[in-house]
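Student: quick one, fold the following:
(one chain, ligands or ions: 1)
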Amino acid sequence: MTAQTMEELVSLCKRRGFLFQSNDIYGGIKGLYDYGPMGVEFKNNLKQAWWKSIVYERDDTEGLDASILSSPVVLKHSGHEDTFTDPLVDCRACKSRWRADQLFENNKCPNCKSEDLTDPRPFNLMFKTAIGPVDDGSSFAYLRPETCQQIFTNFKNILDSTSRTVPFGIAQMGKAFRNEITPRNFIFRVREFEQMELEFFVKPGTDDEWHEYWINKRIEWWVNQGIKKENLKKIEVEKNELAHYSKRTVDINYVFPHGEEELEGVANRTDFDLGSHTKNQNDFKITSEVMKNSSSTTKLAVQDLEEKKWYIPYVIEPSAGVDRGVLALLNEAYREENVDKDNKRILLSLKPHLSPIKAAVIPLKKNKEELVNLSKEIKSNLQKLGLGRVVLENSGNIGKNYRRHDEIGTPICLTVDFETLEDKSVTVRDRDTMKQERVSIENLSEYYKKYFN
Ligand code: ATP
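Tutor: Next up is the predicted model:
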């Protein structure tokens, strides 16, 4: 079961501290959200799972964390200054603005239904900001619209400092900014978001095979995070809809509460980017249409040792949205269940490695010093195992604590009661089955570790 509506998720996220409208107390800003105490843990866990699978568990990738402020020269050569646009139309009647390709009824304003719309014109989605103390327009930077361009501009630095050879990849996670015309559907389409991007460099001619490999790998990863395979769709992007750099793109779509849309895109960017950022492009047979006469001082190429020739590698790029991942996984994990004929509960059946809180330790009575001290000790010992956040719940209301931890997806709750003082055991309650069992404190670390592995 998933959530039935987006409203159910929005409400849970606010109630339990996953997500808040940004600048809320001043009325909010459209397209911006803040991750609260549970949201930040959940998002970090998701990013960590990606990093682990893309960097730590492979032997052919490196990581990077580059600056967000980007030189206009880079974004000129990448094609973004000229082509990173959406078609914008204005409604002359109600003065609202829309993305022409997202009008539900052709040529009708979704707000007032007027047909008095302007012709579509390209609107560049990049945010600009001044660099340095004088804001006279001569010195500015863009907030990066995707994380990958700095991977390309650092290509040589990384090659030189790691001695990698093709095929290999460079991974980066972090913020990207797009001045979306109509941000909507909660955190699905926002103006500030995070991406998890891998640029995987391969020899031309092997790119089609590597592309297939990464499409399948990425679907497998999302399934391992808890998304049902039948809710993921592989969509071939039509030739006339491909981004300016792409030879072929396959979108991994997910059935979100508002409908099926892109969760991740896996593109074959060919030699477009490295080619565009390379000096003396004429030395290479670059297959894509790239900007000629790059002002770069660097040759972003590698040597084919057998053929003794330099070439520009092709790039396969799996690019996933962190926030869209958060939304998809919250939706997948959402359950509403009847506990008995009078009581319902909501729970997030998240995979334990993604749960914001791994375990809650709850003393049965809040002011009983022996119970509270023992609970603190148990909490501290579990925390030291380094598997994520463990909390002490010192409110004395077991029922309320169970409900709260079901809703934020905590896999286990440990209750310390008066019997614990006698038999040195705690009651462990499982989130999904609600089954309870006694586990001795001595065995708790092993029990807990096994639970998470
Ligand atoms: P869309 O067609 O939905 O606008 P896109 O094709 O422009 O997306 P890409 O440029 O391929 O998106 O970006 C890679 C990933 O970044 C997307 O799959 C998505 O998960 C995420 N992403 C892109 N734009 C946004 C946004 N405005 N808000 C949240 N996530 C986004």
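
Student: give the burial count for the nearest residue to residue 77 once chain neighbours are set aside, as a bare number.
Tutor: Spatial nearest neighbour of residue 77, excluding adjacent residues (CB to CB, 6 or more residues apart in numbering): residue 276 at 4.5 Å. Just so you know, the C-beta spots here come from the backbone N, C-alpha and C atoms, and that holds for glycine as well. Neighbour count for residue 276, taken as other CB atoms under 10 Å: 26.

Student: any idea how far residue 99 is from the ligand?
Tutor: Distance, residue 99 to the ligand, by CB to the nearest ligand atom, to the nearest Å: 9 Å.

Student: and for that residue, the neighbour number?
Tutor: 16.

Student: let's verify whichever residue of the stretch 51-200 of the chain sits closest to the ligand: helix, strand, or coil?
Tutor: Here the residue of the stretch 51-200 of the chain nearest the ligand is residue 193; by CB to the nearest ligand atom that distance is 3.7 Å. Classification of residue 193 by DSSP: H, G, I helix; E, B strand; the rest coil places it in strand.

Student: just the element for the closest residue to it other than its chain neighbours, please.
Tutor: Closest residue to residue 193 apart from its sequence neighbours, by CB to CB, 6+ apart: residue 323 at 4.7 Å. When secondary structure is defined by DSSP states H and E, residue 323 falls within helix 322-333.

Student: would you check that the residue nearest to residue 77 makes contact with residue 80?
Tutor: No: counting by CB atoms under 8 Å, residue 276 does not reach residue 80; the two are 10.6 Å apart.

Student: wait, a helix at residue 419?
Tutor: Yes: counting by three-state DSSP, residue 419 is found in a helix.

Student: could you report the neighbour count for it?
Tutor: Residue 419 has 14 nearby residues by other CB under 10 Å.

Student: that one contacts residue 425, correct?
Tutor: Yes: if you go by CB under 8 Å, residue 419 and residue 425 touch, sitting 7.3 Å apart.

Student: got the residues of the stretch 101-250 of the chain near the ligand?
Tutor: 146, 178, 180, 189, 190, 193, 195 (CB under 6 Å from any ligand atom).

Student: can I assume the first one sits in a strand?
Tutor: Read it as residue 146. No: counting by three-state DSSP, residue 146 is not part of a strand but coil.

Student: ok, now which ones touch it?
Tutor: Residues counted as contacts of residue 146 (CB atoms under 8 Å, 6 or more residues apart in numbering) are 176, 195, 197, 319.

Student: residue 66 reaches residue 150, doesn't it?
Tutor: Yes: the pair residue 66 and residue 150 passes the contact test of CB under 8 Å, sitting 3.3 Å apart.

Student: common neighbours of the two, please.
Tutor: Shared contacts of residue 66 and residue 150, defined by CB under 8 Å, 6+ apart, are found at residue 172.

Student: got any ranges where the chain has weak pLDDT?
Tutor: For the chain, the stretches with pLDDT under 70 are 287-293.

Student: and the residue positioned nearest the centre of it, how far is that from residue 176?
Tutor: For the chain, the residue nearest the mean C-alpha position is residue 322 (0.8 Å; CA atoms, centre = their mean). To residue 176, residue 322 is 10 Å away according to CB to CB, to the nearest Å.

Student: okay, and the common contacts of these two?
Tutor: In contact with both residue 322 and residue 176: 193, 194, 195, using CB under 8 Å, 6+ apart.

Student: of these, closest to residue 210?
Tutor: Nearest to residue 210 among the shared contacts of residue 322 and residue 176: residue 195, at 20.1 Å, using CB to CB.

Student: residue 66 and residue 150: which has the busier surroundings?
Tutor: Applying other CB under 10 Å to residue 66 and residue 150 shows that residue 150 carries more neighbours, namely 21 against 16.

Student: I figured residue 104 was touching residue 98, is that so?
Tutor: No: Residue 104 lies out of contact with residue 98 (CB under 8 Å); the separation is 9.9 Å.

Student: so how far is stretch 91-100 off the chain centroid?
Tutor: Computed by CA atoms, centre = their mean, to the nearest Å, the chain-centroid distance of stretch 91-100 equals 31 Å.

Student: is the residue lying closest to the residue nearest to the centre of the chain once chain neighbours are set aside bridged to anything, and to what?
Tutor: Distances taken as CB to CB, 6+ apart place residue 194 nearest to residue 322, at 3.7 Å, with adjacent residues excluded. Taking DSSP bridges as the rule, residue 194 bridges to residue 175.

Student: okay, now residue 194: neighbour count?
Tutor: For residue 194, the neighbour count with other CB under 10 Å is 21.

Student: and it, how close does it get to residue 229?
Tutor: In this structure, residue 194 and residue 229 are 25 Å apart, going by CB to CB.

Student: please apply the same query to residue 329.
Tutor: Separation of residue 329 from residue 229 (CB to CB) stands at 14 Å.

Student: which of the two has more residues huddled nearby?
Tutor: Here residue 329 and residue 229 are compared on neighbour count by other CB under 10 Å; more neighbours surround residue 329, at 23 against 10.

Student: so what's the more buried one up against?
Tutor: Residue 329 touches 46, 225, 226, 227, 350, 354, counting by CB under 8 Å, 6+ apart.

Student: re the thing from before, surely the residue nearest to residue 193 meets residue 187?
Tutor: Yes: counting by CB under 8 Å, residue 323 touches residue 187, with 4.3 Å between them.

Student: that's all I had, so thanks and see you.
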